[in-house]
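A.B. asks: Structure for the following, please:
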Amino acid sequence: MRHLCLPVTSILALALATGPAFAQPDPEPEPAPSEEPPAPSDEAPAADTEGDDEELSDEELLEEEGLEDPKRPPPAGMGVIWGTLRDTKLDEPLIEAQVEVIGAGKTVFTDFDGNYRLELPPGTYSLRFFYELHEPKQIQGVVVKAGKIQEVDEKLAPEEGAVETFEIETEADTSSIEGQLLSRKRASVVGDAIGRAEIARTPDSNAAQAAQRIVGATIVGGRYVYVRGLGERYTNALLDGVPLPSPEPDRATVPLDLFPSKLLDSLVILKTFVPDMPGDFAGGSVRISTRQLPDELMFYVNGSVGINTQTTGSQYLQYRGSSTDWLGFDGG
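C.D. replies: Residues are numbered from 1 along each chain as shown. Below you'll find the model as predicted:
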């Protein structure tokens, strides 16, 4: 008899492979294609919008906008007075008119359509209506019943002689004689002026000729202004508030004959200093204000006639000229 000798490790391996207690479990069957779980979706789950898709009713829209229907049913146990206020002359609704319940301490205002609404307990009431520039009105004996709507329409008449006030701001016309006198009266500086109305009455053709009519001003050479006896170098000039440079190479002054009198609105000569003007003068400061652009075409024609009292009507020797003087030479 032969004996089979096996190592201990082999015997243990054989027992694990064949023993029921140590048998490995059968593999799980693969799921059928129809039983595969759904693939995850990237989309977020739909929110619960139940009730959001419902359209709001007209009453709800009015309540949200603060324009509630004045004819809506009254609350339980209450009654309603509603109506419209209008103007008797224009028949237009009165906006923000005041409606007061006398003795009840309740006041409401009309809306953009002139409508008002009062919710009151059952009873008899007196109403008073107010609106600016209109005569107030009062009615009595308005009966309010529970669950009922009482309509009360009224019209308010404008007050006699009532006018709406408008404020219009404009600048005073300083070119007129009255405007110049008012400017002198209110002026805080020493000076004098001549306006467009006064210049139009004179034959002056430029600002230098107009300036010689101002008290304390002297025109030298028909161009330069001397104020209080001081030379032209001690006087400056401003055109519509802007300092003017001198066009003369050897004189620090502005010849006033450069400005036609038709362009002048006013000519002011100030003789004292004020904070809002340049201080580079000692005699005076000439302020030239020009006219505004006209709204329509303007055309001026001027003419003048003069005589010489030394020669007109007097007998004196003279040369009568020749027939060729108009050509620039004497014909003998």
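
A.B. asks: Let me see the ranges of the strands in the stretch 101-250 of the chain.
C.D. replies: According to DSSP state E, counting those that start in this stretch, the stretch 101-250 of the chain carries its strands in the segments 106-109, 115-120, 123-130, 137-144, 149-151, 154-156, 191-195, 217-220, 224-227, 235-239, 242-243.

A.B. asks: Quick one: list the elements packing against the fourth one.
C.D. replies: This means strand 137-144. strand 79-87, strand 123-130, strand 149-151, strand 154-156 (3 or more Cβ pairs under 8 Å, 6 or more residues apart in numbering; DSSP states H and E). In short, each C-beta sits where N, CA and C put it, glycine included.

A.B. asks: Within the sheet, what are the partner strands of it, with directions?
C.D. replies: Applying DSSP bridges, strand 137-144 is found paired with strand 123-130 (antiparallel).

A.B. asks: re earlier: most packed of the helices and strands packed on strand 137-144?
C.D. replies: Neighbour counts averaged per stretch over the helices and strands packed on strand 137-144 are highest for strand 79-87, at a mean of 21; criterion: mean count of other Cβ atoms under 10 Å.

A.B. asks: what's the angle from that strand to strand 115-120?
C.D. replies: Angle of strand 79-87 versus strand 115-120, following axes from the mean of the first three to the mean of the last three Cα atoms, to 10 degrees, is 150 degrees.

A.B. asks: CA atoms of strand 79-87 as CSV?
C.D. replies: Backbone C-alpha positions of strand 79-87 (Å, rounded to 0.1, in the frame of the first residue of the first chain) are rendered in CSV as follows:
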residue,chain,number,x,y,z
GLY,A,79,-72.1,102.0,2.8
VAL,A,80,-70.3,104.0,0.1
ILE,A,81,-70.7,107.6,-1.2
TRP,A,82,-68.9,108.1,-4.5
GLY,A,83,-69.0,110.7,-7.3
THR,A,84,-67.2,113.0,-9.7
LEU,A,85,-66.3,116.7,-9.3
ARG,A,86,-66.1,118.9,-12.4
ASP,A,87,-65.6,122.5,-13.3
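
A.B. asks: Show me what it is packed up against.
C.D. replies: Applying 3+ Cβ pairs under 8 Å, 6+ apart, one finds that strand 79-87 makes contact with strand 115-120, strand 123-130, strand 137-144, strand 149-151, strand 154-156.
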